[in-house]
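Chemist: build me a model from this:
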Amino acid sequence: MLTLYCRRGGRVVAEPRMHGEPLPDGLVWADMLEPTPDDIREIKHIAGIDVPTQEEMREIESSSRLYREGMALFMTASIINQIDTGAPETRAITFVLADGLLTTVRYATPTPFITFQTRIASQPELCASAEIALVELLDAVVDRAADTLEGVDAQVGSLSKSIFSPPLNDSGAQDYGEELKTIGLNAIRCSKVDESLVGLSRLLTFFDANMRLLGQKQVRVRIKDLQRDIISLMGYVERMSEKLQLLLDATLGMINIQQNNIIKIFSVIAVIFLPPTLVASIYGMNFHLMPELDWDLGYPVALLLMLISAIGPYLYFRSRHWL
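Modeler: Here you go, the predicted structure:
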């Protein structure tokens, strides 16, 4: 689907592109979502560009993602998508600047696009030009990354309380299954945010170099702001990753402690019942010449001996604080 965003009467209007219609006035942004062959031919007619295919957009080499053809700039970055779900991901999105028109090619709808479309309805100055529209769209992407990291930070705080001050169940043990899942999911989120920020950093460096050649000072000021934000967020991602690794190590340590306590209990029980077992084994041999076999008090004395031999190790373990 091809949607055109045009400046009219001091506001931005979105119009689905009908093939064969004349080109509207004030065109600033052409958004292509899962473009059809007709959409690709239409954008070539409008902007004179050949949009990359989905396979080409997935290339990871910088030369394949950031390049210039004539006066057209082709920039592809990995944008975080479905980051609040159980399957966070990044999707490649291509931004093209050509003849005063911003063209975006995408096969997903990340939240920053929805946010930006809402903003330009009330702030048409965000689409004053194609270059400004691109910067403001990237700003929405960076804001989304920051919001994601803030959410991860909040969950890290909750995880810390759950792990280091866990509500014990009736057995005195804590099930850390949910904590492990939450740690893993947030680690993936941090990884996806970091991947997106690295790509955006390269894109902005390429974009800034070309804006310097064109003397776009206003745009370059906004680019510098975004670059500083990205640098700070990359440091934030590193700190979050370190915290998550600490929580993972702590959780695994707690699980090991619980397992060790269980093994310790079984070991103590085995040692406590070892002396009574020895006594029972001795008097269960049934040799013919055993004096106690004909003793009237032999059975109760054997039981008493087994009881004393079990109580003795138990009291010793309690005195050593092993129980």
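
Chemist: would you map the helices across the stretch 101-250 of the chain?
Modeler: Secondary structure of the stretch 101-250 of the chain (DSSP state H, counting those that start in this stretch): helices located at 111-122, 130-164, 177-214, 217-272.

Chemist: shaky segments in the stretch 1-150 of the chain?
Modeler: 18-22 (pLDDT under 70).

Chemist: low-scoring stretches of the stretch 151-300 of the chain, by residue?
Modeler: Across the stretch 151-300 of the chain, the ranges flagged by pLDDT under 70 are 166-173.

Chemist: at 90 what do you get?
Modeler: For the stretch 151-300 of the chain, the stretches with pLDDT under 90 are 156-180, 209-220, 250-300.

Chemist: the spatially most central residue of the chain and residue 161: what is the separation?
Modeler: Nearest to the geometric centre of the chain sits residue 189, at 1.0 Å (C-alpha atoms, centre = their mean). Note on residue 189: its distance to residue 161, by C-beta to C-beta, to the nearest Å, is 20 Å. (Glycine included, C-beta is placed from N, CA and C.)

Chemist: can I see the domain layout of the chain?
Modeler: 2-259, 273-319 (automatic domain parsing).

Chemist: in JSON lines, list the ones you listed along with distance to residue 266.
Modeler: JSON lines is the format used below for the domains of the chain (distance: least, C-beta to C-beta, whole Å):
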{"stretch": "domain 2-259", "distance to residue 266": "11"}
{"stretch": "domain 273-319", "distance to residue 266": "11"}
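
Chemist: can you say which of the ones you listed is packed in most?
Modeler: When these are scored by mean count of other C-beta atoms under 10 Å, the highest mean neighbour count falls to domain 2-259 (a mean of 17).

Chemist: give me phi/psi at residue 286?
Modeler: When read as degrees, to the nearest 10, the backbone of residue 286 gives phi 60, psi 40.

Chemist: show me the contacts for it.
Modeler: Residue 286 is in contact with residue 293, counting by C-beta atoms under 8 Å, 6 or more residues apart in numbering.

Chemist: who's in contact with stretch 139-154?
Modeler: Contact partners of stretch 139-154, identified using C-beta under 8 Å, 6+ apart, comprise 77, 79-80, 83-84, 110-113, 115-116, 119, 186, 189-190, 193, 196-197, 200, 222, 226, 229-230, 233, 236-237, 240, 244.

Chemist: for stretch 306-323, same thing?
Modeler: Residues outside stretch 306-323 that contact it (C-beta under 8 Å, 6+ apart): 264, 268, 271, 272, 273, 274, 275, 276, 278, 279, 280.

Chemist: secondary structure class for the last one?
Modeler: Which is residue 280. helix (DSSP: H, G, I helix; E, B strand; the rest coil).

Chemist: now the closest residue in space to it that isn't next to it in sequence: which helix or strand?
Modeler: Closest residue to residue 280 apart from its sequence neighbours, by C-beta to C-beta, 6 or more residues apart in numbering: residue 306 at 6.2 Å. Applying DSSP states H and E as the criterion places residue 306 in helix 298-319.

Chemist: separation between residue 289 and residue 296?
Modeler: Between residue 289 and residue 296 the computed distance is 18 Å (C-beta to C-beta).

Chemist: equivalent analysis for residue 111, please.
Modeler: Counting by C-beta to C-beta, the separation of residue 111 from residue 296 is 88 Å.

Chemist: residue 5 sits in which helix or strand?
Modeler: In the assignment (DSSP H and E), residue 5 maps to strand 2-8.

Chemist: quick one: the helix holding residue 306 to helix 217-272, angle?
Modeler: If you take axes from the mean of the first three to the mean of the last three C-alpha atoms, to 10 degrees, helix 298-319 sits at 150 degrees to helix 217-272.

Chemist: need the residues that contact stretch 194-214.
Modeler: Contacts of stretch 194-214 (C-beta under 8 Å, 6+ apart): 62, 65-66, 68, 73, 75-80, 90, 95, 131, 134, 138, 141-142, 145, 219-220, 223-224, 226-227, 230-231, 233-234, 237, 241.
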